[in-house]
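Visitor: The following block contains a protein sequence and its predicted model.
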Amino acid sequence: MSTRPVIEVRGLVTRFGSHTVHDGVDLEVRRGEVMGIVGGSGSGKSVLLHAILGLKKPDGGEIFYDGKALSRMSADERSALERRWGVLFQGSALFSSLTVKENILVPIREHVSLPPALMDEIADLKLGLAGLGIEAASKYPSELSGGMKKRAGLARALALDPDVLFLDEPTAGLDPISAAAFDELIRELSRTLGLTILLVTHDLDTLHAVCDRVAVIAEKRIIAVDTIAQLANHPHPWIQSYFGGPRGRAALRS
Ligand SMILES: Nc1ncnc2c1ncn2[C@@H]1O[C@H](COP(=O)(O)OP(=O)(O)OP(=O)(O)O)[C@@H](O)[C@H]1O
């Protein structure tokens, strides 16, 4: 794994009106690593993800991709960058009026010009990568279980062969068995495709199963970034209660 950061957040400030969510967030995500972001409810995990994706404009600070500031990119550079991203939002955000295959084809049709049969083949390949059988292709989102919806959302996120994958609460709403299977899938994708993955989660089991490092957000900043084993010894009270509480200890043992 390279230590060169693919994403750098420097001194990020975000606000909604007079409410400051982030006040000096610094974070580096290395190429090829799986990084988790944890923090209490309302601590600003999703807003941080949105800022990194350029969906929330920073009120201060800067976000860099491969050393280039997001705010200084031309529209073409930005579009090229977005092609390298795959995003799985909370709730999967599938288009309800499209089948699973049509959902996967949306980004492919938007960004690449290929014969329809080839696009179809690519969509089938992505279905398989996300662990869905071909029979899921013609189903509508309303016909899928929660776990299948997540996989369909993941297949769409993988549509353009991203090198960075962003996942917001990937296992939220899944039963423990489906969540564990999804964790395994994320880990497998990171290994086989060499993806850099940034994920927001509350799920301690996901952190243990999937993440190389975890960033903790509290008091409007990233207060620690480390392996879980190291964080378990961190003196900050929130980190102590998160990793050292009954659930944290149980996840550490498993
Ligand atoms: N569109 C918005 N308008 C106003 N305030 C917002 C908006 N989006 C988020 N916030 C506020 O920003 C803060 C951080 O929200 P965020 O969703 O990032 O928290 P989170 O850490 O992801 O929480 P959770 O774990 O509960 O999902 C919260 O106080 C929230 O109310």
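Guide: Nice, I can see it.
Visitor: Going by C-alpha atoms from here, please, whenever you check contacts or count neighbours.
Guide: Fine.
Visitor: and the residue of the stretch 51-200 of the chain nearest the ligand?
Guide: Going by Cα to the nearest ligand atom, the ligand is nearest to V200 of the stretch 51-200 of the chain, at 7.7 Å.
Visitor: isn't that residue right up against D168?
Guide: Yes: the pair V200 / D168 is scored as a contact, 4.9 Å apart, by Cα atoms under 8 Å.
Visitor: For the two, list the residues in contact with both.
Guide: Common neighbours of V200 and D168, using Cα atoms under 8 Å, 6 or more residues apart in numbering, are 46, 49.
Visitor: quick one, strands of this structure?
Guide: Along the chain, the segments classed as strands by DSSP state E run 5-16, 19-30, 34-39, 60-65, 68-69, 85-88, 164-168, 196-200, 213-218, 221-226.
Visitor: Rebuild the ones you listed as TSV, extending it with mean pLDDT and distance to L154.
Guide: Below are these laid out as TSV (pLDDT from 0 to 100; distance: least, Cα to Cα, whole Å):
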stretch	mean pLDDT	distance to L154
strand 5-16	97	21
strand 19-30	97	21
strand 34-39	96	16
strand 60-65	96	22
strand 68-69	94	27
strand 85-88	92	6
strand 164-168	95	9
strand 196-200	96	12
strand 213-218	96	21
strand 221-226	96	26
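Visitor: want to throw these into JSON lines with mean neighbour count?
Guide: Output for the strands of the chain, formatted as JSON lines (neighbours: other Cα atoms under 10 Å):
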{"stretch": "strand 5-16", "mean neighbour count": "19"}
{"stretch": "strand 19-30", "mean neighbour count": "19"}
{"stretch": "strand 34-39", "mean neighbour count": "25"}
{"stretch": "strand 60-65", "mean neighbour count": "19"}
{"stretch": "strand 68-69", "mean neighbour count": "14"}
{"stretch": "strand 85-88", "mean neighbour count": "23"}
{"stretch": "strand 164-168", "mean neighbour count": "24"}
{"stretch": "strand 196-200", "mean neighbour count": "25"}
{"stretch": "strand 213-218", "mean neighbour count": "22"}
{"stretch": "strand 221-226", "mean neighbour count": "18"}
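Visitor: Quick one: closest of these to P141.
Guide: The minimum distance between P141 and the strands of the chain falls on strand 85-88, with 14.7 Å, by Cα to Cα.
Visitor: Run me through the strand neighbours of that closest one, direction for each.
Guide: In the sheet, strand 85-88 lines up against strand 164-168 (parallel) (DSSP bridges).
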